[in-house]
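Engineer: Task: produce atomic coordinates for the following.
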Amino acid sequence: MRDTMHAIDDLGVHLDQATDEAGALKIPVENRHDALNLKDLTIEWTAGEDQGTCSVDVPPRSSGVLEIPSTDEDLAITVRRGELVT
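Structural biologist: Numbering: from 1, shown residues only. The predicted model follows:
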């Protein structure tokens, strides 16, 4: 699986530390924003013909885990806040 991440500077995504557990790809994320919770962003993913959106509740200056369905397809993740920010 190849991974593509379109990220803004204030969002750290650690694809090299992602794990596949119980049908979910778990990706560590770091919120480097000073005032924005990551739950206020829309995270869109595409893998082959599958696509979806998800969110993760990570307060400012904290870390958490983003979960999306496991896939053997190439994965693309886009982050949006109102207008496209990535």
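Engineer: so who does the closest residue to residue 36 other than its chain neighbours touch?
Structural biologist: Spatial nearest neighbour of residue 36, excluding adjacent residues (CB to CB, 6 or more residues apart in numbering): residue 60 at 6.2 Å. Heads up, the C-betas are built off the backbone N, CA and C, glycines and all. By CB atoms under 8 Å, 6 or more residues apart in numbering, the contact set of residue 60 is 31, 33-37.
Engineer: can you check residue 35 too?
Structural biologist: Here residue 35 is in contact with residue 60 (CB under 8 Å, 6+ apart).
Engineer: Pretty sure residue 39 sits in a helix.
Structural biologist: Yes. Counting by DSSP: H, G, I helix; E, B strand; the rest coil, residue 39 is part of a helix.
Engineer: Hmm, it is touching residue 64, no?
Structural biologist: No. Using CB atoms under 8 Å, residue 39 is not in contact with residue 64, being 9.6 Å away.
Engineer: residues shared between the contacts of those two?
Structural biologist: Counting by CB under 8 Å, 6+ apart, the shared contacts of residue 39 and residue 64 are 56-58.
Engineer: Neighbour count, secondary structure and distance to residue 80 added to these, as TSV?
Structural biologist: Converted to TSV, these look like this (neighbours: other CB atoms under 10 Å; DSSP: H, G, I helix; E, B strand; the rest coil; distance: CB to CB, whole Å):
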residue	neighbour count	secondary structure	distance to residue 80
56	17	coil	14
57	11	coil	17
58	21	coil	16
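Engineer: In JSON lines: these, plus pLDDT.
Structural biologist: What follows is these, written out as JSON lines (pLDDT from 0 to 100):
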{"residue": "56", "pLDDT": "92"}
{"residue": "57", "pLDDT": "95"}
{"residue": "58", "pLDDT": "95"}
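Engineer: what's the closest of these to residue 69?
Structural biologist: Closest to residue 69 out of those is residue 56 (14.5 Å), distances taken as CB to CB.
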